[in-house]
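Chemist: 3D model of this:
(chains A, B, C and D)
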Number of protein chains: 2
Amino acid sequence: MLNIGEVARRSGVAASALRFYEERGLISSEREGAGQRHFPRPVLRRIAFIVFAQRIGLSLDEIADELRKLPPDRAPTGRDWSRLSKKWTARIDERIAELERLREGLTQCIGCGCLSLDRCQLSNPGDRAARLGPGARYWMGDRPPRR
Amino acid sequence: MLNIGEVARRSGVAASALRFYEERGLISSEREGAGQRHFPRPVLRRIAFIVFAQRIGLSLDEIADELRKLPPDRAPTGRDWSRLSKKWTARIDERIAELERLREGLTQCIGCGCLSLDRCQLSNPGDRAARLGPGARYWMGDRPPRR
DNA sequence: CTACAAGTTCAAGTGAACTTGAAGTCAAGG
DNA sequence: CCTTGACTTCAAGTTCACTTGAACTTGTAG
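Modeler: Sure, this is the predicted structure:
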């Protein structure tokens, strides 16, 4: 059992953030004495999971969903982990693909000679891509709007 | 010259966002009659630039800085563009590298047999990586904190 | 002349992910 | 006994990138 300071130190996540996570149902603790939180050791696994997922780009709500699908007490099984891994890998790949399109856009714009960001096929999101919806879908792999 | 509705339609960026960008100094317009904005055509280039940069992950402040360095009237020269391109490409590469580390973490965790996110070398950000600072630096390529 | 769409300003609201501050409790050390 | 430090709750504040709403003016069509 670890108190909040310990967990904060070990996970590198601020105590205020841990309280916030608990409030949001991402982690849980038992209370002792005057109401101090005492976290079971595996909370560190959960926090690692949260931080990992955040870096991948999931919101806390999405992370909470994923955590709800995982067994609360035991470590995730191969099946648990593989389902998740597939999903997240896909998400990562998507984002990487987008970044590569963007990078391609940059180097191509340097190479194509126009340098105007105006006539260049990579830019001009308005006249060419606006009908696809908000934002420059051209670079975005035609994904749903960001909100 | 385009009015705000036209620009919004062509760029796919909401009129309210365009007003906001103007307020923040990212774009500018001339006023006509009762104060209606009239944007010079090249504003579409600037907006394309903004949207592009946002997708790469720059904040509006950073974008404003970059725009300030670009010539306000003429199209960017080869030198302008190449400096920028270098910088942004680096940024993209960095982020791609991080995502690849994360993906590696996922598949390795499936493969390594531990499946616990606890003993696995990829996780356990607390005991192993917390001394590096907040967040699971282990996956992050040891970058400065996010704030 | 009257509608109505499209523009204007300004203040306030939104949502995500936290952080900060105030006020209080509690255990251990000097 | 008193201070110190670590914890508690709860409300409110912060940043980013916008959006929304209220109140108002203009331009164009019928």
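
Chemist: need the longest helix for chain A.
Modeler: helix A:78-111 (DSSP state H).

Chemist: that one and chain B, are they touching?
Modeler: Yes. Using Cβ under 8 Å from any Cβ of the partner chain, we find that helix A:78-111 touches chain B at A:78, A:81-82, A:85, A:88-89, A:92-93, A:95-96, A:98-100, A:102-103, A:105-107, A:109-110. C-beta here means a position set from N, CA and C on the backbone, and glycine is covered the same way.

Chemist: CA atoms only: put stretch A:34-43 into CSV for me.
Modeler: Taking C-alpha atoms only, stretch A:34-43 is exported to CSV below (Å, rounded to 0.1, in the frame of the first residue of the first chain):
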residue,chain,number,x,y,z
ALA,A,34,-8.2,10.6,8.8
GLY,A,35,-9.2,9.8,5.2
GLN,A,36,-5.8,9.5,3.7
ARG,A,37,-5.7,7.6,0.4
HIS,A,38,-3.9,4.3,0.3
PHE,A,39,-3.3,2.9,-3.1
PRO,A,40,-2.8,-0.8,-3.8
ARG,A,41,0.5,-1.4,-5.6
PRO,A,42,-1.1,-2.3,-8.9
VAL,A,43,-2.2,1.3,-9.2
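
Chemist: which of the residues in it are classified as buried?
Modeler: Of all the residues in stretch A:34-43, those buried under the rule 16 or more other Cβ atoms under 10 Å in any protein chain shown are A:37-39, A:42-43.

Chemist: got it, and stretch A:62-77?
Modeler: So for stretch A:62-77, counting by 16+ other Cβ under 10 Å, buried means A:63, A:66-67, A:70, A:75-76.

Chemist: how about that stretch and DNA strand C, touching?
Modeler: No. Under the criterion of Cβ under 7 Å from any atom of the strand, DNA strand C is not reached by stretch A:62-77; the shortest gap measures 7.7 Å.

Chemist: and stretch A:50-59, by the same measure?
Modeler: Yes. Using Cβ under 7 Å from any atom of the strand, stretch A:50-59 reaches DNA strand C at A:54, A:59.

Chemist: and of the buried residues of stretch A:62-77, the nearest to DNA strand C?
Modeler: Of all the buried residues of stretch A:62-77, DNA strand C sits closest to A:Ile63, with 7.7 Å by Cβ to the nearest atom of the strand.
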